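[1] Dropping the sequence and predicted coords here.
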Amino acid sequence: MGGCVSDSPTPTHPFRVANFRCYWSSRLALTLGQYAMLLIIGWQAYNLARDGGQSVAEASGSLALIGLFQFLPLFVLTPFSGLAADRFDRRRLAQMTVLLQLGCAVALAWTSARGMTSIAVLYAVAGVLGVARGFAGPAMSALAPNLVPKAILPTAIALSSIAWQVGMIAGPAIGGIAYRVAPALPYAIAAGLFAAALVGLALIGPVPQPPLRRDRRPIGQVLDGLSYVVRNKMVLGAITLDLCAVFLAGATALFPVYARDILQTGEVGLSLLAAAPGVGAVVTATWFSWRPIKTNVGPKMLASVAIFGVATIIFGLSTSMPLSLAMLFIVGAADMFSVYIRQSLIQLHTPDDKRGRVSSVSLLSISASNEGGDFFSGSLAFLIGPVAAVVAGGVGAIATVVVWSRIFPVLRTTKTFDPPPDVLKAEEDHKHAQEA
């Protein structure tokens, strides 16, 4: 294939860049497939446990293990997958990870069609998905900044987030509705979406990728990315703020519990619960794609995480479907507000030759907060019940904001996305010292 070429030598919007349009379409198809599949994996695991005679608390443990089996490969592989994203063609690496997820979807479609799905099968597929996503995240994240000029990168990040959030909205809806038709259908649809993502990635033309220093061993190159995160307090504070807040307040893992046993809404309600945060997020991301944030970015990020915690508490206590959906809408909007600022800061504060490895650190924190948070929330629900677990998580997110604003005062004082001159000089000095 000839690939996509830029439509304009000086594009003023990311969608004027053909390579970015190919990337955006691929990301959308990939996310749709992922969330359609992941929702049903959790739903099947919870129902298999409940139908097997387990209590609500005991069945919540199966959701905890789904999160654990996804998180462990991500935790082990992500630092090295970031190095792979800096060493190899990011497009080809992303294609291989999508192909692996396509294989998972086909396998689950086959077992579901024959009534052979078991909790053991779901655990095994969750682990393989963890491997695939561990390599996909750094490759896709590091690829995006190479497709557009720096001046429109924050807008590109917002648009990329829209693709992700639209996938979070429509993917669960596709999965829940398709599951009511036939248990194998969500996985078959996911397989088709993964195939479409492969086509989109294949259409991206050659993109610039800075050379990686070959005079250092791979472990030293991995440590370069980690040491950069530690040196840059803004990047470190932004990454760990999200890690701790979402890890503690990971209510999404317990959606099957709320859909079946608390709100009693079934598969359709499950789809609505899973889609509601995405609706709030996509509305926020759409706004940012046309009206980007330019001032007081640090304080606004802290405030958005606090709002995330408050809305999580109210959702945890709610027994009303409309109120629950409203709070999840706010959860998604507040999370997108934080994600937009955090990703813009990370990308603009990170040299291009380290973006893959720094993106891998960011992905590791995201996987720790999401999949690791699923394990934490499911385990806590097993111990103290699902409602108490969600409420405690929301309180923990608010407490995180208070603590982080004191540990990382730069989060309170950062006004714009541009890295301050002293940070740029310190990184340049560090680079010269390494070369010497």
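    Arrived safely.
[2] Tell me where the model's unsure across the stretch 301-436 of the chain.
    By pLDDT under 70, the low-scoring segments of the stretch 301-436 of the chain are 347, 349-369, 417-436.
[3] show me where it has helices.
    Assigned by DSSP state H, counting those that start in this stretch, the helices in the stretch 301-436 of the chain fall at 321-349, 355-384, 386-407, 410-413, 421-435.
[4] which strands and helices sit next to the third one?
    Read that as helix 386-407. helix 56-87, helix 233-248, helix 297-317, helix 355-384, helix 410-413 (3 or more CB pairs under 8 Å, 6 or more residues apart in numbering; DSSP states H and E). C-beta here means a position set from N, CA and C on the backbone, and glycine is covered the same way.
[5] hang on, isn't A84 packed against G134?
    No. Counting by CB atoms under 8 Å, A84 does not reach G134; the two are 10.0 Å apart.
[6] More neighbours: those two, which one.
    G134 (28 against 20; other CB atoms under 10 Å).
[7] Would you state the secondary structure element containing the more buried one?
    For G134, the host element (DSSP states H and E) is helix 119-143.
[8] List the buried residues in that helix.
    Of all the residues in helix 119-143, those buried under the rule 16 or more other CB atoms under 10 Å are 119, 121-123, 125-143.
[9] Please name the nearest non-neighbouring residue to A136.
    Among residues not flanking A136 along the chain, T97 sits closest, at 3.7 Å (CB to CB, 6 or more residues apart in numbering).
[10] and the helix or strand containing that neighbour with helix 56-87, angle?
    In the assignment (DSSP H and E), T97 maps to helix 90-113. Counting by axes from the mean of the first three to the mean of the last three CA atoms, to 10 degrees, helix 90-113 lies at 150 degrees to helix 56-87.
[11] Helix 90-113 packs against which elements?
    Here helix 90-113 touches helix 18-51, helix 119-143, helix 185-202, going by 3+ CB pairs under 8 Å, 6+ apart.
[12] Around the residue nearest to Q343 when sequence neighbours are not counted, count how many other residues there are.
    The shortest distance from Q343 to any non-neighbouring residue, by CB to CB, 6+ apart, is to I157 (5.1 Å). Using other CB under 10 Å, I157 has 28 neighbouring residues.
[13] In terms of pLDDT, where does I157 sit?
    Looking at I157, its pLDDT reads 75.
[14] so what's it up against?
    Shown in contact with I157 (CB atoms under 8 Å, 6 or more residues apart in numbering): 144, 340, 343-344, 347.
[15] With adjacent residues omitted, what lies nearest to L248?
    Leaving aside its sequence neighbours, L248 sits nearest to G396 (CB to CB, 6+ apart; 3.3 Å).
[16] If you could redo that for G373, that was the one I meant.
    Spatial nearest neighbour of G373, chain neighbours left out: G250 (3.0 Å); criterion: CB to CB, 6+ apart.
[17] What about K415? Give its phi and psi, please.
    With angles defined as degrees, to the nearest 10, K415 sits at phi -100, psi -40.
[18] From A334, how far off is it?
    K415 sits 21 Å away from A334, taking CB to CB, to the nearest Å as the criterion.
[19] Of those two, which one has the most company?
    Using other CB under 10 Å, the more surrounded residue of K415 and A334 is A334, with 25 against 12.
[20] That one contacts T312, doesn't it?
    No. A334 is beyond contact range of T312, at 9.3 Å (criterion: CB under 8 Å).
[21] which ones are touching G396?
    Contacts of G396 (CB under 8 Å, 6+ apart): 244-245, 248-249, 309.
[22] Need the three-state assignment for Q54.
    coil (DSSP: H, G, I helix; E, B strand; the rest coil).
[23] for the helices and strands packed on helix 90-113, which one sits closest to V402?
    V402 lies closest to helix 119-143 among those, at 29.1 Å (CB to CB).
[24] how far is that closest one from where the chain is centred?
    12 Å (CA atoms, centre = their mean, to the nearest Å).
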